[in-house]
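Novice: Build the 3D model from these lines:
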Amino acid sequence: MSVSRTVLIATLAMLVFVGFGLRLLNLSSEGLSEDELNKLEAVADYREHGLTSANGEHPLLMKALLTGSLVLADKWNSISFLGGHRQIPPETALRLPITVFGALTTILIYLLATELFGAEVGLIAAALWAFDPMAIGFNRIAKEDTFLVFFFLLANVFWIRGQRVAESQPDRRPENYYWATAAAFGAMMASKYVPQLITISIGYYWLFQRIPETRWRLGKKKMLMFFGIMGAVFVLLNPTILFPATWHQMGLFAGQKLIGHDAYEFMGQLYSHRMTDWLKGIPWYFYHVFVLVKLPSLTVLGFVVGLPLLFRRKLGDGRYLIMLWLFIWMMIFSFAGGKFTRYFTVALPAVLITSAIGVQFAGNLIAQRLSALLSADRGPRRRSAAGVVEWPRVYLHAALALLVVATAFKAAVDAAPHFRLYTNAIGGGAAKRGYYFPHDEFYDASVRDVMFEIAKQAKPGAKVASETPGLAAYYAQRANRPDLVCVLLSDPNVLRQLGEGDFVIDAPGRRYFSNELVISALSQASTPAFRVSLGSVSSASVYLLDKKAQEAVVDAARRLTPLARITPVHVSPDATQ
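Specialist: Alright, predicted model coming up:
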């Protein structure tokens with residue numbers, strides 16, 4: 001059915017606002033992760049010293065926006081009639097820009113999918129993004145992936161629009177779309193260093209260059225201008241790239257010298273987590289399992305139906321962009337030894353667009369079959385049947401789309417506010433939350449609650465052993481217990497110095513080769529002093545060491561290999577404000 005422009009805009013606005021509401025809901029219900037604390041400390045460094053190379057392995061654009069958000073939050077909190085009634089906690093202020101860009105991504109998915117496959121697919125895909133629990137979960141953490149996908153989509157909206165103008169509107173000049181694409185790619189690179197994504201759009205462009213009739217040709221001079229604009233925007237939005245210290249940090253990161261842990265837990269088993277381990281690291285099917293168990297079941301079914309449709313010519317040339325998108329992304333990320341589920345943020349729109357294609361196809365197919373069944377009526381009733389056979393074509397595929405979208409919305413509501421824990425019925429439902437990808441599902445969300453409780457119970461100067469000592473120290477200061485000594489659980493030298501009255505934190509997703517023996521010995525020798533949960537899922541067990549537990553930890557520590565290097569724990573004083 002065709003709808004007016006007003007209804008279409010209202011529908012998109014509704015999707016954006018409801019999607020934003022879900023992303024904003026109880027945004028500080030989970031404590032910061034170790035990665036987010038790094039961003040908070042970088043912001044504190046910028047506010048004190050101006051632009052620096054802090055957290056230099058990542059670009060500046062997102063951190064600049066986070067800085068603005070935290071400054072505004074401080075202003076709000078300092079005004080008595082605003083902050084006096086409702087303080088904005090650091091967790092909310094740090095994550096707020098990500099939620100905004102995540103919600104606005106809904107519009108970009110609609111625009112891109114509409115250019116490629118029509119408005120119906122565009123609306124379905126946009127709605128799926130707005131309400132998808134994983135999309136919402138990724139848009140609630142202060143990491144670069146949300147900005148990466150936003151500017152990648154923005155670039156491709158301009159790119160495909162430029163193609164359409166060049167091919168079908170000879171009275172208009174498409175160059176402005178080319179330069180807008182280049183600027184968006186520059187912003188993408190200033191969000192996260194993944195230049196490989198540009199090959200998706202350039203590869204799609206080159207597919208048409210061997211067709212003599214194509215008018216979509218930039219030529220060498222325009223292509224050089226394209227990359228020149230991209231580079232200029234990149235430097236403008238990421239000026240810290242000009243600092244030598246930034247290149248040093250990037251070199252350490254590329255050389256895997258900033259990796260703090262030696263494993264990743266996937267489906268109950270530990271795997272090596274170095275990028276260069278390739279097939280010896282986390283299994284290649286990691287992201288395939290993610291799609292199967294972490295998206296709403298009907299969304300998964302739509303993707304299964306839509307994927308083979310990408311190979312049908314009648315779907316149009318837009319299918320090549322989605323095919324290249326999925327293929328190149330998988331080649332980049334599936335075979336690397338180190339993986340995180342948040343990396344899938346960039347591929348998720350392509351999966352949801354493919355699912356929308358499948359939903360549209362299934363709706364039309366069912367409607368056609370039902371219409372044929374009704375029109376096959378014979379005899380005196382044939383005339384009356386002919387009057388009703390059109391309703392399936394008009395309404396049934398819309399009803400199916402609404403059902404799929406409503407299922408995604410219900411999944412998001414049921415998972416709130418801990419969206420990353422969502423697991424669909426295929427993956428075992430609520431009983432399997434936190435099982436498949438515990439590091440990314442929990443993402444240190446309970447460290448704040450754990451440290452606040454330890455602060456109430458701990459003796460002066462007590463040691464707290466965990467895999468996130470910097471984060472634990474930050475929340476110890478927030479709890480007015482700077483006397484607590486936060487140490488690394490994987491350091492055998494530190495473990496030998498633990499005594500009675502000290503604490504050990506066992507957090508799902510923070511199990512590694514380096515601490516597995518200690519945690520196992522501790523669980524056999526003692527029971528947790530208390531546990532913390534995210535919703536109904538246990539997210540941390542905290543042990544208060546007595547004589548027996550302390551001896552078990554020390555004995556296990558003696559059997560561990562000493563760490564070659566321990567990264568010092570440092571928390572900026574400004575980060576605690």
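
Novice: May I have the phi/psi pair for the nearest residue to residue 343 once chain neighbours are set aside?
Specialist: Excluding its sequence neighbours, the residue lying closest to residue 343 (Cβ to Cβ, 6 or more residues apart in numbering) is residue 333, at 5.4 Å. Glycine gets a C-beta too; all of them are placed from N, C-alpha and C. The phi and psi values for residue 333, taken as degrees, to the nearest 10, are phi -110, psi -30.

Novice: Identify the residues contacting residue 333.
Specialist: Contact analysis of residue 333 by Cβ atoms under 8 Å, 6 or more residues apart in numbering lists 287, 339, 343-344, 347.

Novice: let's go with 10 Å and repeat that
Specialist: Residues in contact with residue 333, defined by Cβ atoms under 10 Å, 6 or more residues apart in numbering, are 194, 196, 275, 284, 286-287, 339-340, 343-344, 346-347.

Novice: likewise residue 278?
Specialist: 284, 335-338.

Novice: I'd like the residues you listed as a markdown table, with secondary structure appended.
Specialist: Shown next, in a markdown table, are the contacts of residue 278 (DSSP: H, G, I helix; E, B strand; the rest coil):
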| residue | secondary structure |
| --- | --- |
| 284 | coil |
| 335 | coil |
| 336 | coil |
| 337 | coil |
| 338 | coil |
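
Novice: could you flag which of those residues are buried?
Specialist: Buried residues within the contacts of residue 278, counting neighbours by 16 or more other Cβ atoms under 10 Å: 284, 336-338.

Novice: any idea how far residue 190 lies from residue 46?
Specialist: For residue 190, the distance to residue 46 equals 15 Å [Cβ to Cβ, to the nearest Å].

Novice: So which of the contacts of residue 278 is the closest to residue 450?
Specialist: For the contacts of residue 278, the residue nearest residue 450 by Cβ to Cβ is residue 338; the value is 26.5 Å.

Novice: Need the nearest residue in space to the closest one, chain neighbours excluded.
Specialist: residue 275 (4.2 Å).

Novice: For the residue nearest the centre of the chain, which non-adjacent residue is closest in space?
Specialist: Residue closest to the mean C-alpha point of the chain, counted by Cα atoms, centre = their mean, is residue 138 at 3.1 Å. Once flanking residues are discounted, residue 138 sits nearest to residue 345: 4.7 Å by Cβ to Cβ, 6+ apart.

Novice: and the one you found, how many residues sit next to it?
Specialist: 26 (other Cβ atoms under 10 Å).

Novice: likewise residue 395?
Specialist: Around residue 395 there are 14 other residues, counting by other Cβ under 10 Å.

Novice: Ok, residue 239 next?
Specialist: 14.

Novice: what's the pLDDT at it?
Specialist: On the pLDDT scale, residue 239 is placed at 95.

Novice: residues of the helix or strand harbouring residue 328 that come out buried?
Specialist: Take DSSP states H and E as the rule and residue 328 turns out to sit in helix 319-333. Buried residues in helix 319-333, counted by 16+ other Cβ under 10 Å: 319-326, 328-329, 332-333.

Novice: quick check, nearest of these to residue 35?
Specialist: For the buried residues of helix 319-333, the nearest to residue 35 is residue 333 (17.7 Å; Cβ to Cβ).

Novice: Pull up the gap between that closest one and residue 553, please.
Specialist: 37 Å.

Novice: for residue 422, same thing?
Specialist: 35 Å.

Novice: if we can go back for a sec, who's more crowded, residue 190 and residue 46?
Specialist: A count of neighbours by other Cβ under 10 Å puts residue 190 above the other of residue 190 and residue 46, at 26 against 21.

Novice: Contacts only, for the more buried one.
Specialist: Applying Cβ under 10 Å, 6+ apart, we find residue 190 in contact with 59-62, 64, 144, 147-148, 151, 233-241.

Novice: and it, what pLDDT?
Specialist: Looking at residue 190, its pLDDT reads 97.

Novice: quick one: contacts for the nearest residue to residue 557 once chain neighbours are set aside?
Specialist: Spatial nearest neighbour of residue 557, chain neighbours left out: residue 495 (3.6 Å); criterion: Cβ to Cβ, 6+ apart. The neighbourhood of residue 495, defined by Cβ under 10 Å, 6+ apart, consists of 463, 465, 487-489, 502, 504, 515, 518, 550, 553-558, 560.

Novice: Show the buried residues in these.
Specialist: The buried subset of these - by 16+ other Cβ under 10 Å - is 463, 465, 487-489, 502, 504, 515, 518, 550, 553-554, 556-557, 560.

Novice: Tell me the one of these nearest residue 402?
Specialist: The closest of those, once distances to residue 402 are taken by Cβ to Cβ, is residue 515, at 48.0 Å.

Novice: From what I see, the closest one and residue 490 are in contact.
Specialist: Yes. Counting by Cβ atoms under 10 Å, residue 490 is a contact partner of residue 515 at 5.0 Å.

Novice: what do these two both touch?
Specialist: Common contact partners of residue 515 and residue 490 (Cβ under 10 Å, 6+ apart): 261-262, 465-467, 560.

Novice: Would you mark the buried spots in the helix or strand where residue 13 lies?
Specialist: Applying DSSP H and E as the criterion places residue 13 in helix 5-24. For helix 5-24, the neighbour count (16+ other Cβ under 10 Å) marks 8, 12, 15-16, 18-20, 22-24 as buried.

Novice: Can you turn the buried part of the contacts of residue 190 into a PyMOL selection?
Specialist: To isolate in PyMOL the members of the contacts of residue 190 that are buried, counting by 16+ other Cβ under 10 Å, one can use:
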select buried, resi 59+60+61+62+64+144+147+148+151+233+234+237+238+240+241
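
Novice: Mind checking which of the contacts of residue 190 are in helices?
Specialist: 61-62, 64, 147-148, 151, 233-237 (DSSP state H).

Novice: Please dump those residues into JSON lines; it should also carry distance to residue 181 for every row.
Specialist: Putting the ones in helices among the contacts of residue 190 into JSON lines (distance: Cβ to Cβ, whole Å) gives the following:
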{"residue": "61", "distance to residue 181": "17"}
{"residue": "62", "distance to residue 181": "21"}
{"residue": "64", "distance to residue 181": "22"}
{"residue": "147", "distance to residue 181": "17"}
{"residue": "148", "distance to residue 181": "16"}
{"residue": "151", "distance to residue 181": "10"}
{"residue": "233", "distance to residue 181": "11"}
{"residue": "234", "distance to residue 181": "14"}
{"residue": "235", "distance to residue 181": "18"}
{"residue": "236", "distance to residue 181": "16"}
{"residue": "237", "distance to residue 181": "16"}
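
Novice: Run a quick check on residue 456 versus residue 481, I expect a contact.
Specialist: Yes. Taking Cβ under 10 Å as the definition, residue 456 is a contact partner of residue 481 at 9.0 Å.

Novice: who has more neighbours, these two?
Specialist: Each of residue 456 and residue 481 has its neighbours counted (other Cβ under 10 Å); residue 481 has more, 20 against 8.

Novice: residues contacting that one?
Specialist: 451-452, 454-456, 458, 460-462, 464, 473, 475.

Novice: Just to be sure, which of those are found in helices?
Specialist: 451-452, 454-456, 473, 475.

Novice: Residue 522: which of those residues is nearest?
Specialist: Nearest member of those to residue 522, counting by Cβ to Cβ, is residue 454, at 15.9 Å.

Novice: how near is that closest one to residue 91?
Specialist: Residue 454 is 19 Å from residue 91, by Cβ to Cβ.
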